[in-house]
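[1] just the structure for this:
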Amino acid sequence: MAPRDPERPTEPARPDGLAVPTGPTEATQPALLSDLTERLRRVVEELAPDRLSGDDAKRVVAQFSTLERLAQAGRLLAARRVDATQSWAGGAHRSAAHWLAAETGDSVGSAAGLLRAAQDLVAGSATDRALRRGDLSLPQVREVTGAVAADPGSEQALLQGVGGSSLQALREQCRRVRAAATDQRAAYARIHRSRCLRRWTDPDGTFRLDGRLTPDVGARIWARIEDEARAVRSDARRAGTHPPDRACAADALTRLVLGDAVSAPRASIIVRVDAAAYQRGSVRPGERCEVDGAGPVPVDVVRQLAAQASLSAAVADGSDVTAVSHLGRTINARLRTALVARDPVCVVPGCGNRRYLEIDHVVPLALGGRTELRNLARLCSFHHRQKTFEGFTLAGGPGDWHWLPPPLDLPRTDPGDETGGDHAERARRILRRAAGNRQPRPSRIRRPPP
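    From the prediction side, this is the model:
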């Protein structure tokens, strides 16, 4: 490459954030990409996965995942330039999103989301650098750029959480950032004004429904559907069938609307609100006031719902739930409410599963562990089984959980062995590995009945 002439004036930066071509390198980039594409095509054509070991196959998947993220980054940056120059116009496409959808084979909505993310991306920012390194996928970029556009100060915290969290957890974190940076009362009123319920029929005759509701109303309706869905599932199992959850939910909705419901109307929703926000009456950055599984709501809405028996309010301070309001319930129900509010998803880092969560004693009862909030966590059935029978360890605490694999010399326990084996010794060995993260409180060991 020829050295740059120091006398040559620097060209102004483009408003779209792309680098201004300053030499022949930029002119040769399309040819370089074509060469790389052909080489990669030959690699894929000659790939023989059946000849790879399991570990080699995992490395290949990781390498292709990095290549995919890099390709997506390049596409986003180039698509932004196409949009800025309107070079898509003059053909059969009505917008840049329609052109991009035709190029990628994706939906117009997805293409429009990519272009919005490209517009929100600030050149030279930490997000821009992470994107160019191949550290971010397109869904992650869309979430982060949207949140950073609302609150630029949240960028570093969001990027730090990308690597160790699921996409769902990142979405919820970004949703909280956007909620704290906007007028929640105005946003709630806007959702309420746009409420709707639509129906249509698919070509095969399927009846379809689609609706828009505020988070609190939607959560109350869905909680009632889930109550009835449990009754539907029990009826189906007694009949020897096992319909999927979505089918049970559809049957539950049908029963409720047509007056054939058999479950008692005991649906309860959980709201998590930071103590300072609840006292102040508004949410600031870093705080939350949201319906579990639904989304942010104004503090005023929580106060209005506080008198309803269907509401369980968990007042939190950071990662710890400090108070629970659970009308008409026992102390055990209060503890469950606090736990659900604190652990809305499986606490194993990177899992993010919301369904079929089970309550686990971090320190087993056999070792003096108590049934109290700081010794409880919610795990999905898969990770609960790993912890109970396969020697995995949950260490740390709320907001800083760690999932440790079993020692190599630790035998696994057969869940079908009713004798229980030397379970207490297994548990002691597991807990010794987590020493320093959590110490069990001394207490009398409870032994199972013979």
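
[2] low-confidence ranges in the stretch 101-250 of the chain?
    In the prediction, the stretch 101-250 of the chain carries residues with pLDDT under 70 at positions 164.

[3] which parts of the stretch 351-450 of the chain are strands?
    Assigned by DSSP state E, counting those that start in this stretch, the strands in the stretch 351-450 of the chain fall at 357-361, 376-380, 393-397, 400-404.

[4] out of the ones you listed, deepest packed?
    Stretch with highest mean neighbour count among the strands of the stretch 351-450 of the chain: strand 376-380 (a mean of 23; mean count of other CB atoms under 10 Å). All C-beta atoms are positioned from the backbone trio N, CA, C, and that covers glycine.

[5] can you give me the first-to-last residue distance of stretch 189-201?
    30 Å (CA to CA, to the nearest Å).

[6] where's the spatially closest residue to residue 153 that is not a sequence neighbour relative to residue 185, distance?
    Once flanking residues are discounted, residue 153 sits nearest to residue 285: 7.2 Å by CB to CB, 6 or more residues apart in numbering. Residue 285 is 17 Å from residue 185, where distance means CB to CB, to the nearest Å.

[7] same check on residue 216?
    Separation of residue 216 from residue 185 (CB to CB): 13 Å.

[8] comparing the two, which residue is more hemmed in?
    Shown here are residue 216 and residue 185; by other CB atoms under 10 Å, residue 216 has more neighbours (22 against 14).

[9] residue 170 belongs to a helix, doesn't it?
    Yes: according to DSSP: H, G, I helix; E, B strand; the rest coil, the state of residue 170 is that of a helix.

[10] how close does it sit to residue 177?
    In this view, residue 170 and residue 177 are 11 Å apart by CB to CB.

[11] these two: who's more crowded?
    Comparing residue 170 with residue 177 by other CB under 10 Å, the one with more neighbours is residue 177, at 25 against 19.

[12] since we're on the nearest residue to that one once chain neighbours are set aside, how many residues are nearby?
    Of all residues not flanking residue 177 in the chain, residue 147 sits nearest, at 4.2 Å (CB to CB, 6+ apart). By other CB under 10 Å, 27 other residues sit near residue 147.

[13] so which helix or strand takes in residue 147?
    Residue 147 belongs to helix 138-150 when elements are defined using DSSP states H and E.

[14] just checking, what packs against that helix?
    helix 54-85, helix 108-120, helix 126-133, helix 155-160, helix 167-181 (3 or more CB pairs under 8 Å, 6 or more residues apart in numbering; DSSP states H and E).

[15] what's the first one packed up against?
    Okay, so that is helix 54-85. Identification of packing neighbours for helix 54-85 by 3+ CB pairs under 8 Å, 6+ apart yields helix 96-104, helix 108-120, helix 126-133, helix 138-150.

[16] tell me how far that helix lies from the chain's centre.
    Offset of helix 54-85 from its chain centre (CA atoms, centre = their mean, to the nearest Å): 21 Å.

[17] spatially central residue for the protein, please.
    What sits nearest the mean C-alpha location of the chain, by CA atoms, centre = their mean, is residue 168, with 1.2 Å.

[18] Throw the helices and strands packed on helix 138-150 into CSV and include distance to residue 300, thanks.
    As requested, these are exported to CSV (distance: least, CB to CB, whole Å):
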stretch, distance to residue 300
helix 54-85, 39
helix 108-120, 30
helix 126-133, 34
helix 155-160, 27
helix 167-181, 14
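
[19] so which of those gets nearest residue 377?
    helix 167-181 (15.5 Å; CB to CB).

[20] so what touches whatever helix or strand comes next after the closest one?
    With elements assigned by DSSP H and E, the helix or strand that comes after helix 167-181 is helix 184-193. Contact partners of helix 184-193, identified using CB atoms under 8 Å, 6 or more residues apart in numbering, comprise 179, 212-215, 282-283, 289, 296-301.

[21] about what we covered before: mutual contacts of residue 170 and residue 177, please.
    residue 158.

[22] follow-up on the earlier one: burial-wise, tell me which of the helices and strands packed on helix 54-85 comes out on top.
    With neighbours defined as mean count of other CB under 10 Å, those peak in mean count at helix 138-150, which reaches a mean of 22.

[23] using CSV, list the CA coordinates for it.
    C-alpha atoms of helix 138-150 as CSV (Å, rounded to 0.1, in the frame of the first residue of the first chain):
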residue,chain,number,x,y,z
LEU,A,138,-27.6,-9.7,15.2
PRO,A,139,-30.3,-10.3,17.8
GLN,A,140,-27.9,-9.1,20.5
VAL,A,141,-26.9,-6.1,18.4
ARG,A,142,-30.6,-5.2,18.0
GLU,A,143,-31.3,-5.4,21.7
VAL,A,144,-28.2,-3.5,22.8
THR,A,145,-28.3,-0.7,20.3
GLY,A,146,-32.0,0.0,21.1
ALA,A,147,-31.3,0.2,24.8
VAL,A,148,-28.2,2.3,24.4
ALA,A,149,-30.1,4.7,22.2
ALA,A,150,-32.4,5.2,25.1
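
[24] now what about that helix, what contacts it?
    72, 76, 113-114, 116-117, 120-122, 125, 127, 131, 136, 154-155, 158-159, 162, 167, 170-171, 173-175, 177-178, 181-182.

[25] ok, 6 Å please
    Residues external to helix 138-150 that are found in contact with it (CB atoms under 6 Å, 6 or more residues apart in numbering): 72, 113, 117, 120-121, 127, 131, 154-155, 158, 162, 167, 170-171, 174, 177-178, 181.

[26] kindly report the same for stretch 212-223.
    Contact partners of stretch 212-223, identified using CB under 6 Å, 6+ apart, comprise 191, 192, 194, 195, 196, 267, 269, 291, 294, 295, 297, 301.

[27] among the residues you listed, which lie within helices?
    191, 192, 301 (DSSP state H).

[28] now these in TSV, with neighbour count and distance to residue 32?
    As requested, the ones in helices among the contacts of stretch 212-223 are exported to TSV (neighbours: other CB atoms under 10 Å; distance: CB to CB, whole Å):
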residue	neighbour count	distance to residue 32
191	17	48
192	12	53
301	20	55
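
[29] identify whichever of the strands of the stretch 351-450 of the chain lies nearest to residue 97.
    Using CB to CB, the strands of the stretch 351-450 of the chain put strand 376-380 closest to residue 97, at 36.9 Å.
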